[in-house]
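Asker: can you look at this prediction? I've put the sequence above it.
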Amino acid sequence: MKLIILGAPGSGKGTSATVLREEFSLAHISTGDIFRANIKGNTPLGIEAKSYIDKGQLVPDSLTISMVEDRLNQDDCAKGYILDGFPRTIAQAEALDEMLSKKNTGIDAVLSIVVDDEEIKARVAGRRVCEKCGASYNVNFKPTKVENVCDLCGGKVYQRDDDKPETVEARLKTYYKNTQPLIDFYDKKGLIVEGDNNKDSQICIDQIKEGLKAKGLI
Ligand code: AMP
């Protein structure tokens, strides 16, 4: 199964992707995580990407598309995958279509995670992430047992620079301008499966699974 997960920053797409990845043994391709790993490793890609990410802007399509193409060619993607954070522009979506059609394949469904704006701002402001294993917490809704220490691996839990309030506004604007049009793009192809993540992540996952069932994918 080849899936895309779409949603505003802080909508919980990463968390939903993690649940689905485990349940359906999919490779989880998060472009944000790949950029952050490159920033941590101080690679040329990381240095360039950081200048955009810190401003809440998108990393240019040219860099992002080739990075994803390389990733999709790795062996673990053969069993199916979930793309989390890609595509984020119509140009990226068109490039993905082209990449996949060269392999005579295509995306099976696009999961659209729906959360109201105010809720998103509250969630992103409180979000904290483990620098070691990537587990996600929230100081208001899902705190760590010991302050700033990951429950799962004992790693240090921190606030992403781009989760600071001044950057969140810019990221939301970028989302509405560049990424939201993708919902219409994929709706026209009959690929959208919606999950409402305003209240409970389990409700969202259940709705997604119902949608995948209705499409005969699970
Ligand atoms: P995320 O972890 O998905 O919220 O991504 C963090 C940041 O990485 C975004 O705000 C963008 O600056 C950058 N980024 C991630 N994915 C993409 C993409 N597909 N295209 C361009 N920039 C991206």
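Answerer: Yep, it's here.

Asker: who in this structure is up against the ligand?
Answerer: 9, 31-32, 35, 52-53, 57-59, 64, 85-86, 88, 92, 162, 171 (CB under 6 Å from any ligand atom). Yep, even glycine has a C-beta here, placed from its N, CA and C like the rest.

Asker: at 5 Å what do you get?
Answerer: Counting by CB under 5 Å from any ligand atom, the positions of the chain adjacent to the ligand are Pro9, Thr31, Gly32, Phe35, Ile53, Leu58, Val59, Thr64, Gly85, Phe86, Arg88.

Asker: quick check, the residue in the protein closest to the ligand?
Answerer: Nearest to the ligand, among the residues of the chain, is Gly32, at 2.0 Å (CB to the nearest ligand atom).

Asker: now for that residue, how many residues are close by?
Answerer: Burial of Gly32, expressed as a neighbour count using other CB atoms under 10 Å, amounts to 20.

Asker: so which strand or helix has it?
Answerer: For Gly32, the host element (DSSP states H and E) is helix 31-40.

Asker: mean confidence for that helix?
Answerer: Helix 31-40 carries an average pLDDT of 95.

Asker: which residue ranges of this structure form helices?
Answerer: Listed in chain order, the helices found in the chain under DSSP state H are 13-24, 31-40, 44-53, 61-72, 90-102, 117-126, 165-174, 181-187, 201-214.

Asker: now the ones you listed in JSON lines, with distance to Val146?
Answerer: Below are those laid out as JSON lines (distance: least, CB to CB, whole Å):
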{"stretch": "helix 13-24", "distance to Val146": "21"}
{"stretch": "helix 31-40", "distance to Val146": "23"}
{"stretch": "helix 44-53", "distance to Val146": "29"}
{"stretch": "helix 61-72", "distance to Val146": "34"}
{"stretch": "helix 90-102", "distance to Val146": "39"}
{"stretch": "helix 117-126", "distance to Val146": "17"}
{"stretch": "helix 165-174", "distance to Val146": "26"}
{"stretch": "helix 181-187", "distance to Val146": "39"}
{"stretch": "helix 201-214", "distance to Val146": "23"}
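
Asker: quick one: which of those is nearest Lys79?
Answerer: helix 13-24 (9.3 Å; CB to CB).

Asker: state the distance from the residue of the chain most remote from its centre to Gly154.
Answerer: Distance from the centre of the chain peaks at Val146, with 26.8 Å (CA atoms, centre = their mean). Here Val146 is placed at a distance of 9 Å from Gly154 (CB to CB, to the nearest Å).

Asker: for Pro143, same thing?
Answerer: Here the distance between Pro143 and Gly154 works out to 16 Å (CB to CB).

Asker: pull out the buried positions in stretch 50-69.
Answerer: If you call a residue buried by 16 or more other CB atoms under 10 Å, then stretch 50-69 has these buried ones: Lys50, Tyr52, Ile53, Gly56, Gln57, Leu58, Val59, Asp61, Thr64, Ile65, Met67, Val68.

Asker: over to stretch 160-169?
Answerer: For stretch 160-169, by 16+ other CB under 10 Å, it's Arg160, Asp162, Asp163, Thr167, Val168.

Asker: contacts only, for the third one.
Answerer: It refers to Asp163. Neighbouring residues of Asp163 by CB atoms under 8 Å, 6 or more residues apart in numbering: Gly10, Val124, Ala125, Arg127.
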